[in-house]
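A.B. asks: Provide a 3D model corresponding to the input given below.
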Amino acid sequence: SVSEQVSEELYEALYGLIEACKGKVAVMGMGTSGIAARKAAHMLRVADFPAFYLSPGDCAHGGIGALSKDDIVIMLSRGGTTIELVELLPSIKRKGVKLITVTANNASPLAQAADLTITLDVPESDHKGITANSSILAVIALFDAVADELTNRAGYDEEVLYYNHIHGNVGDVLKDKLKI
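C.D. replies: This is a model prediction of the structure:
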């Protein structure tokens, strides 16, 4: 489980870096990790925190310009060797952006370059034990927990949540509850 692999101290470091960010949080990944990156960025935004998914492919063609020194980049890569991410490391370091990596491989280039590495080595549930199934759910759970904790910040309430999420069941429930 996530709580068995991510100590309270490591979780606090992750939360602290994100919560103290003075800029934006850019979350990156390719393939299934890219889908998890989009979900993580979305949940941070719902928690009223400036976050976005940044495509590694687009970064290699100018998109890295969206980052500034006050930002944080979170790279998700099970193996920690995803070439589209590894090749961005010099640009990210040059900008002075803090880097958080979530990977199963502590010895990987992404883990070694990070300011903070979260190691999640979860056995996969597919019959060959290869495809990112269980591991991606662990990554999503980790960032759902961070986003949920961010909603405890001063100034975040149901009205903020409503105006961040005006549609769907969440919006409907809050609109009725808040009588908006």
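A.B. asks: and A107, how far is that from G29?
C.D. replies: Using Cβ to Cβ, to the nearest Å, A107 is found at 19 Å from G29. Where you see a C-beta, it was placed from the backbone N, CA and C, and this is true even at glycine.
A.B. asks: Compare neighbour counts for these two and give me the winner.
C.D. replies: G29 (28 against 9; other Cβ atoms under 10 Å).
A.B. asks: List the residues that contact that one.
C.D. replies: Shown in contact with G29 (Cβ atoms under 8 Å, 6 or more residues apart in numbering): 35-37, 56, 75-77, 82, 85.
A.B. asks: Just among those residues, which is most surrounded?
C.D. replies: Counting by other Cβ under 10 Å, top hit in the contacts of G29: L76 with 33 neighbours.
A.B. asks: On the pLDDT front, check the nearest residue to it once chain neighbours are set aside for me.
C.D. replies: Nearest residue to L76 in three dimensions, chain neighbours excluded: G29, at 3.7 Å (Cβ to Cβ, 6 or more residues apart in numbering). Note on G29: pLDDT of 98.
A.B. asks: G29 and T82: what is the separation?
C.D. replies: 8 Å.
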